[in-house]
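Participant: coords below, sequence missing:
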């Protein structure tokens, strides 16, 4: 095996999440053998992202500017604030085209096992954002996992005493699914929340 | 979703083999949120690898130098030349500690579906390397897949008329395996090659 710069590249690729030594070797060989232009493009993209991508001062998502495009959009409903875990979750909500309010992106969820408490997330920033006098309802759209539910609970406990209406995305049977294949917990929730 | 540099980074990460849009987003978020030092390290490693890693002039593997460390090692047996598909395969053979000859790294295998013929691989270079007057036996260690076998066949047809002994790695039952779980083709080969 070649030493030096190739090994350094394999080591660096292993810092990517979900990439072990075999994948890192395969990536390094592919880039050096077939796609050196792609390697240079990736190097430039990494450097520019590190230099320029920062957090929106209003909603905490990633942006190149002081305030992100959604927060700058005056046509969004300032009375609604949707709290999500990540920019990917925000993108999923945006793709539905059915939400016209604002967002707050936590950049994580409460995870005691990883040492992530409410203050490590953007919770203090969220309190400031939600108590701007315009927000009336906070829609908690964290994941429906144990950690996401814990995060939602903490957010509700923190925001309700401040006079805000706190709601949660509805749980129920996913669109297009056949009932016999839906897990029992989901059916139970759909029964309770029937309308 | 943030635009600009973050999107450019996600696009660049998708050029890595085996990385789709979800993985690329996860990698970009992880690097920007938790490991900006890792992103900078990866950018530097990519640039230096592209600038400095080239092919060994004797065995065609990746190296920082004109001739790689194994080819420079005068204690290696110059009469034996082992042909492998990739630097990873070469590394696997080296880890066994049971081979003291030289290598030739094809950097691929014959794959008509991908438009890769014998000349696209290092086959012309291999012929030059194998007919240096010192090599007596060429050990073909390409994969035991359809493409690897086709490559081995082409190499044998090309090298035998030049007076070289061409051998292939033995096929048989892997060490530590129970016979009832070994596939039939492997058992059949092990029966034919019994010793």
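Facilitator: Yep, it's here. Note that this is a predicted model, so its numbers are computed, not measured.
Participant: partners of the lengthiest strand in chain A, with directions?
Facilitator: Identified as the longest strand of chain A according to DSSP state E is strand A:77-84. Looking at strand A:77-84 with DSSP bridges, its partner strands are strand A:101-105 (parallel), strand A:137-140 (parallel).
Participant: helix or strand right after the shortest one?
Facilitator: Which is strand A:137-140. helix A:146-159 (DSSP states H and E).
Participant: span of stretch A:56-65 from start to end?
Facilitator: Stretch A:56-65 has an end-to-end distance of 7 Å (criterion: C-alpha to C-alpha, to the nearest Å).
Participant: which secondary element of chain A has the worst mean pLDDT?
Facilitator: Lowest by mean pLDDT, DSSP states H and E among the helices and strands of chain A is helix A:184-192, with a mean of 85.
Participant: relative to residue B:100, which of the strands paired with strand A:77-84 is closest?
Facilitator: strand A:101-105 (57.7 Å; C-beta to C-beta). C-beta coordinates here come from the backbone N, C-alpha and C atoms, glycine included.
Participant: ok and the closest one relative to helix A:146-159, angle-wise?
Facilitator: With axes from the mean of the first three to the mean of the last three C-alpha atoms, to 10 degrees defining the directions, strand A:101-105 sits at 120 degrees from helix A:146-159.
Participant: gap between the residue nearest the centre of chain A and chain B?
Facilitator: The centroid of chain A falls nearest to residue A:86 when counting by C-alpha atoms, centre = their mean (0.7 Å). Using C-beta to the nearest C-beta, to the nearest Å, residue A:86 is found at 6 Å from chain B.
Participant: next, that residue: phi, psi?
Facilitator: phi -150, psi 160 (degrees, to the nearest 10).
Participant: give the contact list for it.
Facilitator: For residue A:86, the contact set (C-beta atoms under 8 Å, 6 or more residues apart in numbering or on different chains) comprises A:105, A:106, A:107, A:108, B:29.
Participant: please name the residues that touch the nearest residue to residue A:52 once chain neighbours are set aside.
Facilitator: Nearest residue to residue A:52, sequence neighbours excluded (C-beta to C-beta, 6 or more residues apart in numbering or on different chains): residue B:5, at 4.7 Å. Residues near residue B:5 by C-beta under 8 Å, 6+ apart: A:45, A:48, A:49, A:51, A:52, A:53, A:64.
Participant: please enumerate the strands of chain A.
Facilitator: With DSSP E as the criterion, chain A has strands spanning A:54-55, A:62-63, A:77-84, A:101-105, A:137-140, A:165-168.
Participant: for the first one, name the packing helices and strands.
Facilitator: Under the contact criterion of 3 or more C-beta pairs under 8 Å, 6 or more residues apart in numbering or on different chains; DSSP states H and E, the helices and strands touching strand A:54-55 comprise strand A:62-63.
Participant: just the residues contacting the strand it packs on, thanks.
Facilitator: A:53-56, A:68-69, A:87, B:2-4, B:6, B:29, B:32.
Participant: from the chain's centroid, how far away is that strand?
Facilitator: 12 Å (C-alpha atoms, centre = their mean, to the nearest Å).
Participant: do the same with stretch A:62-75
Facilitator: How far stretch A:62-75 lies from its chain's middle: 16 Å, per C-alpha atoms, centre = their mean.
Participant: buried ones in it, by neighbour count?
Facilitator: Residues of stretch A:62-75 classed as buried: A:62, A:63, A:64, A:68, A:70, A:71 (neighbour count, 16 or more other C-beta atoms under 10 Å in any protein chain shown).
Participant: can I get those in TSV with pLDDT?
Facilitator: Below are those laid out as TSV (pLDDT from 0 to 100):
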residue	pLDDT
A:62	91
A:63	91
A:64	90
A:68	91
A:70	92
A:71	92
